[in-house]
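**Student:** Need a 3D model of the following:
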Amino acid sequence: MSNAPKLTPGQAIERIILTLEGYFEMRKANAQVKRPSLYLEGEPGVGKTSIARAVAKHFNYHYVEILANQRNPDDVAGVQMPNVETQTTDWYRPSWLPKTGPVIVDGHKYDGTLLFFDELAAADDRVRKPLFSTFLEYRLNGESLPENTIVMGAGNSAETGTMVFEFDNATRARFITLSIIADFTSWMTDYATAQNISPTIVALLKANIGIFCETKAALEKRRDLYGNPRNWEDCSDLEKAIMREPGQRKDESRRAALKSMIGGKVGEANAETFDAVFETVAQMTNLFDLLQAKKAGKPIKSLLPSEISQLHALSFSMMAYPTDIASGREIYDLMKEFPRDSDLPFQDTIPAIHETILKKLRKAGFKDKDLAVFREDTAATVDEYHEGPIIKIAL
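**Tutor:** Numbers count the residues shown, from 1 in each chain. Next up is the predicted model:
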């Protein structure tokens, strides 16, 4: 079992980017500085691949994924072929190995290449050994990888029940290991909002957080189908594929099909729970209709959620909706309509929605001066939540 630091995907992305930016600058001044090799370890579906993709996107690098456990030695190391004319052996490079020079793929110009060796711990030793020179030394068969190359790897830990070959200490010491863990709040605010995850899935998980990542429980109970972040994202896609229009959400045959497909992904028990939440969420007024009603000057109190699952779904929709200042302003104005005397915690959701919207817009490139239009509302919320009796302590 690795004693590496445990990070959420969001934390890992941020810290990997900061580290790589520093190494890029160091190598500009001194090319002898060794490039770092990063290895992500964690249970299946926790977001390791998403981390690598996010890092590649940040640097505008072409993302190349190599599934190490599905490759043979020739696939990863290339092939040695005799050259009759020169009476020597020529080396035929593997297709994934980047070439020096501009990286142009499908007409898009990238600033470099990120090689991601997935399932490294499950690969045959004859595959892993050639890859280690690439992974640890940025070389393959004596050829150095181009300067604009990032190398990352990933694999499952032995505790997850998957077939893996543990690394020896000497190998482990040569790369940086990060243990990736599932954290629902981080997933919801940093990932799900950007990936357009279904509000129904978020509402389900928020009310049943234990099924967000249940690998350990599934192993103990010998269940093949269970919830993890990747599977729930797949369930979100299933919902969007089967329920393509709002009116279809009340179609019994579509609902039965969706329940079966969800069950085939995360198991029957989770599908039953999903179906109950789906029924509740399907009855609510969606965010678009709420915004339209507010623009038309209609009272919206009767359109607001009446059950907690509906409130969870609406809150997430509000977090995911803004893409610019104007749409963020729409959500801020809608929150002013939240009742203060409801049995549901409407007011408790406001700070989290505020924070997520500001974080999302900053990530989209908006500066603090652009976000000043939200400052008054955010400050008012903070002040309200810090109000309370003054306690005097006699010293």
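**Student:** Mind jotting down where the helices sit in the stretch 101-250 of the chain?
**Tutor:** All helices of the stretch 101-250 of the chain, identified by DSSP state H, counting those that start in this stretch, fall at 125-137, 169-172, 184-186, 199-207, 215-221, 229-242.
**Student:** Export those helices to a markdown table and append columns for mean pLDDT, mean neighbour count and distance to Asn148.
**Tutor:** C-beta coordinates here come from the backbone N, C-alpha and C atoms, glycine included. Shown next, in a markdown table, are those (pLDDT from 0 to 100; neighbours: other Cβ atoms under 10 Å; distance: least, Cβ to Cβ, whole Å):
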| stretch | mean pLDDT | mean neighbour count | distance to Asn148 |
| --- | --- | --- | --- |
| helix 125-137 | 77 | 18 | 15 |
| helix 169-172 | 75 | 11 | 26 |
| helix 184-186 | 90 | 16 | 30 |
| helix 199-207 | 95 | 25 | 37 |
| helix 215-221 | 84 | 14 | 36 |
| helix 229-242 | 96 | 19 | 29 |
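**Student:** Stretch 57-70: which residues count as buried?
**Tutor:** Of the residues in stretch 57-70, Phe59, Tyr61, His62, Tyr63, Val64, Ile66, Ala68, Asn69 count as buried by neighbour count, 16 or more other Cβ atoms under 10 Å.
**Student:** Quote the end-to-end distance of stretch 82-93.
**Tutor:** Chord length of stretch 82-93, first to last residue, is 14 Å (Cα to Cα, to the nearest Å).
**Student:** would CSV of the helices of the stretch 101-250 of the chain with distance to Thr349 be doable?
**Tutor:** Formatted as CSV, the helices of the stretch 101-250 of the chain follow (distance: least, Cβ to Cβ, whole Å):
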stretch, distance to Thr349
helix 125-137, 44
helix 169-172, 44
helix 184-186, 13
helix 199-207, 11
helix 215-221, 29
helix 229-242, 21
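**Student:** who wins for proximity to Lys301 among those helices?
**Tutor:** The closest of the helices of the stretch 101-250 of the chain to Lys301 is helix 199-207. By Cβ to Cβ, the value is 20.6 Å.
**Student:** all strands for this protein, in order.
**Tutor:** Taking DSSP state E as the test, the strands found in the chain are 6-7, 38-41, 61-67, 79-83, 88-92, 103-105, 108-110, 112-118, 139-140, 143-144, 149-155, 176-180.
**Student:** among the ones you listed, which is nearest Gln195?
**Tutor:** strand 61-67 (15.9 Å).
**Student:** What helices and strands are in contact with the closest one?
**Tutor:** Using 3 or more Cβ pairs under 8 Å, 6 or more residues apart in numbering; DSSP states H and E, the elements in contact with strand 61-67 are helix 48-59, strand 103-105, strand 112-118.
**Student:** shaky segments in the protein?
**Tutor:** Counting by pLDDT under 70, the chain contains low-confidence ranges at 1, 158-166, 376-395.
**Student:** Tell me how it divides into domains.
**Tutor:** Domain assignment for the chain, taken from automatic domain parsing, gives 6-181, 284-386.
**Student:** Any chance of the ones you listed in a markdown table with distance to Pro246 as columns?
**Tutor:** Putting those into a markdown table (distance: least, Cβ to Cβ, whole Å) gives the following:
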| stretch | distance to Pro246 |
| --- | --- |
| domain 6-181 | 29 |
| domain 284-386 | 7 |
